[in-house]
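Q: Mind folding the following:
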Amino acid sequence: MFPEDSSNYAQMILDNSTDAIVLMDTDYTVLAFNQNLKDTILAYSGKILNIADDYREFVTTGDKEVFFELFQKSLLGQSVIIERIANINDISIWFEYKMNPTYDKNKKLMGVCLRGKNIDARKKMEIALSESEQKYRNLIESAPNAILIVDREGKIIHCNLETENTFGFPREELINQPVELLVPMHHRKGHDRLLEGYFQAPRPMRIGKNQVTSAVKKDGTEIQVEVSLNSFIVNQTNYVSAIIVDITEKVLADIKIQNQIYELKEIARIQSHEIRSPLANILGLINLLDSETTPETTAEIYSYLKKSALELDNLVNKIVKRTSASLSVVSEKP
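A: As a prediction, this is how the structure comes out:
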């Protein structure tokens with residue numbers, strides 16, 4: 001029922017392997033191989049592999065140098081593994097090669113076993129993912145605003161160059177540090193609970209849009225910021241991206257604008273109310289002068305006219321000064 005020679009069992013195992021396998025003597029002579037290797041060599045080179053062949057004749061020109069180097073390492077007892085891309089019939093295919101020293105039952109070195117595996121699909125997927133990640137990193141690095149990537153424990157795992165410019169921390173001082181490092185002391189209490197709550201119910205969120213929030217730089221300076229939060233998952237692990245915009249200058253500019261609006265309202269109030277009183281007095285006194293009055297009354301009217309005119313002049317000067325001050329605020333850069 002069973003083959004008498006145990007080597008037949010070994011051959012059946014080899015032939016059922018998805019790897020291409022060959023056992024070589026110390027002088028590169030082929031001692032054994034499986035069907036997968038034979039079929040692969042035939043398909044890619046048109047050559048037929050046989051026992052006692054010199055395996056070097058089946059190694060492509062571009063791989064000979066690497067093959068000899070790995071073979072010698074294996075003869076010295078090392079197990080080596082490499083990934084190589086092969087150009088076959090104008091098609092690039094990735095292979096993984098393993099070389100191991102092989103011993104007989106007396107632990108005497110017989111030769112080297114070479115295993116080859118087609119890893120083209122896996123490798124090209126890795127390359128695509130790597131390129132995608134690099135594009136993502138380039139996008140983050142080119143962003144004009146500070147960007148942080150934070151894990152569920154609240155540690156910063158990545159940040160871009162603009163983060164350094166905004167907060168004054170070198171990147172290596174922020175990586176693996178808690179994000180609270182950038183939160184002012186008076187805001188840190190309960191920040192970890194807020195972060196945990198966000199991970200439990202993640203959603204796009206903008207902090208600082210309707211109310212001012214602050215962050216702290218390395219030198220302790222507080223800045224006013226807007227923070228946009230978004231969650232994402234990589235390898236079943238949750239992360240949060242935070243885009244941070246320094247709006248300190250914008251806030252200062254808004255304060256100046258509010259002050260200017262207040263000044264303009266005050267100027268309008270002075271023009272509409274305070275000027276009306278001395279002007280009404282002047283008009284009334286002029287009407288009196290048009291009527292018949294005694295010299296004493298006329299002198300008294302002129303005295304009141306002078307007083308009202310001076311009062312009106314003071315109000316006009318006040319308006320001019322406040323208007324000039326308001327215009328100078330507008331001309332200043334925030």
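
Q: Contact partners for the residue lying farthest from the centre of the chain?
A: Computed with CA atoms, centre = their mean, the residue of the chain farthest from its C-alpha average is residue 294, at 89.0 Å. Residue 294 makes no contacts at all, as judged by CB atoms under 8 Å, 6 or more residues apart in numbering. All C-beta spots, glycine's among them, are computed from the backbone N, C-alpha and C.

Q: Tell me the spacing between it and residue 72.
A: Distance from residue 294 to residue 72, counting by CB to CB, to the nearest Å: 133 Å.

Q: do the same with residue 57
A: The value you get for residue 57 to residue 72, if CB to CB is used, is 18 Å.

Q: Point to the residue nearest the middle of the chain.
A: residue 140 (3.8 Å).

Q: Tell me the spacing between that one and residue 160.
A: For residue 140, the distance to residue 160 - CB to CB - is 5 Å.

Q: Can you check which residues contact both of these two?
A: residue 147.

Q: confidence score at the residue farthest from the centre of the chain?
A: Listed pLDDT for residue 294 reads 73.

Q: so where's this structure uncertain?
A: 1-7, 9-10, 88-89, 208-212, 267, 269-276, 292-293, 322-334 (pLDDT under 70).

Q: all strands for the protein, in order.
A: Listed in chain order, the strands found in the chain under DSSP state E are 20-25, 30-33, 80-88, 91-103, 109-118, 146-151, 156-159, 205-207, 213-216, 222-234, 237-246.

Q: Which elements pack onto the shortest one?
A: Translated: strand 205-207. Packing partners of strand 205-207 (3 or more CB pairs under 8 Å, 6 or more residues apart in numbering; DSSP states H and E): strand 222-234.

Q: Which strands or helices does the strand it packs on pack on?
A: helix 191-200, strand 205-207, strand 213-216, strand 237-246, helix 248-269.

Q: Please save the CA atoms from that strand in CSV.
A: Below are the C-alpha coordinates for strand 222-234, written out as CSV (Å, rounded to 0.1, in the frame of the first residue of the first chain):
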residue,chain,number,x,y,z
GLU,A,222,-0.3,80.9,24.6
ILE,A,223,-1.8,81.2,21.2
GLN,A,224,-5.4,81.3,20.0
VAL,A,225,-6.2,78.3,17.7
GLU,A,226,-8.9,76.6,15.8
VAL,A,227,-8.7,72.7,15.8
SER,A,228,-10.4,70.5,13.2
LEU,A,229,-10.7,66.8,14.4
ASN,A,230,-11.3,63.7,12.3
SER,A,231,-11.0,60.1,13.1
PHE,A,232,-9.8,57.2,10.9
ILE,A,233,-8.9,53.5,11.3
VAL,A,234,-5.7,51.8,10.2
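
Q: ok, and what's touching that strand?
A: Against strand 222-234 from outside (CB under 8 Å, 6+ apart): 166, 184, 198-199, 202-209, 212-217, 238-248, 250-251.

Q: From the residues you listed, list the buried ones, please.
A: 166, 198-199, 202, 208, 215-216, 239-240, 242-248, 251 (16 or more other CB atoms under 10 Å).

Q: the inter-axis angle of the longest helix along the chain versus helix 248-269?
A: Longest helix in the chain by number of residues (criterion: DSSP state H): helix 295-331. Helix 295-331 runs at 160 degrees relative to helix 248-269, counting by axes from the mean of the first three to the mean of the last three CA atoms, to 10 degrees.

Q: What residues of helix 295-331 count as buried?
A: 301, 305, 308, 311-312, 315, 319, 326.

Q: now, among the residues you listed, which is nearest to residue 108?
A: residue 326 (98.8 Å; CB to CB).

Q: that older thread, same for the longest helix of the chain, what does it pack against?
A: Checked by 3+ CB pairs under 8 Å, 6+ apart, helix 295-331 has helix 248-269, helix 276-290 packed alongside it.

Q: State the distance from the closest residue to residue 245 other than its chain neighbours to residue 179.
A: Sequence neighbours aside, residue 226 is the residue nearest to residue 245 in space, at 4.6 Å (criterion: CB to CB, 6 or more residues apart in numbering). Relative to residue 179, residue 226 is positioned 16 Å away (CB to CB).

Q: which of those two has more neighbours?
A: Shown here are residue 226 and residue 179; by other CB atoms under 10 Å, residue 179 has more neighbours (20 against 17).

Q: Please list all residues in contact with that one.
A: So residue 179 contacts 148, 150, 154-156, 195, 242 (CB under 8 Å, 6+ apart).

Q: Which of the residues you listed are buried, as a PyMOL select command?
A: Buried members of the contacts of residue 179, defined by 16+ other CB under 10 Å, are picked up in PyMOL with:
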select buried, resi 148+150+154+156+195+242
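
Q: nearest to residue 17, of the contacts of residue 179?
A: residue 155 (43.9 Å).

Q: wait, doesn't that closest one sit right on residue 177?
A: Yes: contact criterion CB atoms under 8 Å: residue 155 and residue 177 qualify, at 6.7 Å.
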